[in-house]
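Undergrad: Coordinates for the following, if possible.
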Amino acid sequence: MDGVTVINHPLVQHKLTIMRKKETSTAGFRRLLREISTLLCYEVTRDLELTLETIETPMQVIQAPVLEGKKLVFASILRAGNGLLEGMLELVPSARVSHVGVYRDHETLEAVEYYFKAPESLSERLVIVVDPMLATGNSSIAAIDKLKERGATKLRFLCLLAAPEGIRNFQTAHPDVPIYTAAIDSHLNEHGYIVPGLGDAGDRMYGTK
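TA: Residues are numbered from 1 along each chain as shown. Next up, the predicted model:
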């Protein structure tokens, strides 16, 4: 699909398969999510712009590459997005963090916002929005709506799994925001869950129902 990057690195696919297994424990799921998020972060930041800085090594002075521009923003869609956030911050500890509280009404499947907090100068930063699942797309669309209202112009969306229906809805609402995912699954069921999927990521991560 145009505008969608599937991250098919063998380690990503292997860890995702273990996460899908219903017998994987809460502790194991949480650990794997942190590990896989680091690998996904590596891919979603692959083309960041660099500039040169003068540094002195133990041997000589050189021009060496460093990231250009203001620090990245990782925007976590609560609550499950925090599982991806932890591993990403291990790779980019200097990143700023935004939290967007959005939950899906299980009756209407519509997104309901309850919290928003973001750093300043979003217009000058690349914002990577994270949520394990792109199912109906309603929560991610609402989160990006809010970030754009606060000035964000350069955004990417990163998830573990995406459904074709969610991709279509997301791209209709935000055609300018590229999607990065580890897999595109078959479809959504009548309850709006991704099939074959891995269940509810938040419940599996936190041991709740």
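
Undergrad: When you work out contacts or count neighbours from here on, use the C-alpha atoms and nothing else.
TA: Will do.

Undergrad: Neighbours of residue 119, how many?
TA: Residues near residue 119, counting by other CA atoms under 10 Å, number 13.

Undergrad: Quick check: it touching residue 96?
TA: Yes - look at residue 119 against residue 96 with CA atoms under 8 Å: they come within range, at 6.8 Å.

Undergrad: anything in contact with each of these two?
TA: residue 73 (CA atoms under 8 Å, 6 or more residues apart in numbering).

Undergrad: Name the next helix or strand downstream of the lowest-mean-pLDDT helix or strand in the chain, please.
TA: Between all helices and strands in the chain, the lowest mean by mean pLDDT, DSSP states H and E belongs to strand 111-117, at a mean of 83. Using DSSP states H and E, the helix or strand that follows strand 111-117 towards the C-terminus is strand 126-130.

Undergrad: Neighbouring strands of that next one in the sheet, and parallel or not?
TA: Strand pairing for strand 126-130, using DSSP bridges, gives strand 73-78 (parallel), strand 154-162 (parallel).

Undergrad: Please enumerate the helices of this structure.
TA: Assigned by DSSP state H, the chain shows helices spanning 10-20, 26-44, 81-91, 138-149, 164-173, 201-206.

Undergrad: Of the ones you listed, which is nearest residue 102?
TA: Ranking the helices of the chain by distance to residue 102, with CA to CA as the measure, places helix 138-149 first at 6.0 Å.

Undergrad: relative orientation of the closest one and strand 111-117 in degrees?
TA: 40 degrees (axes from the mean of the first three to the mean of the last three CA atoms, to 10 degrees).

Undergrad: Which residues does helix 138-149 contact?
TA: Contact with helix 138-149 is made by 77, 100, 102-104, 109-113, 129, 131, 134, 166, 169-170, 173-174, as judged by CA under 8 Å, 6+ apart.

Undergrad: buried ones in the least confident helix or strand of the chain?
TA: For strand 111-117, the neighbour count (16 or more other CA atoms under 10 Å) marks 111, 113, 116 as buried.

Undergrad: Would you mind measuring from residue 44 to residue 157?
TA: As for residue 44, its distance to residue 157 is 9 Å (criterion: CA to CA, to the nearest Å).

Undergrad: Identify the contacts common to the two.
TA: residue 180.

Undergrad: any idea which residue sits dead centre in this protein?
TA: For the chain, the residue nearest the mean C-alpha position is residue 130 (2.3 Å; CA atoms, centre = their mean).

Undergrad: Turn the strands paired with strand 126-130 into JSON lines, including mean neighbour count.
TA: What follows is the strands paired with strand 126-130, written out as JSON lines (neighbours: other CA atoms under 10 Å):
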{"stretch": "strand 73-78", "mean neighbour count": "26"}
{"stretch": "strand 154-162", "mean neighbour count": "24"}
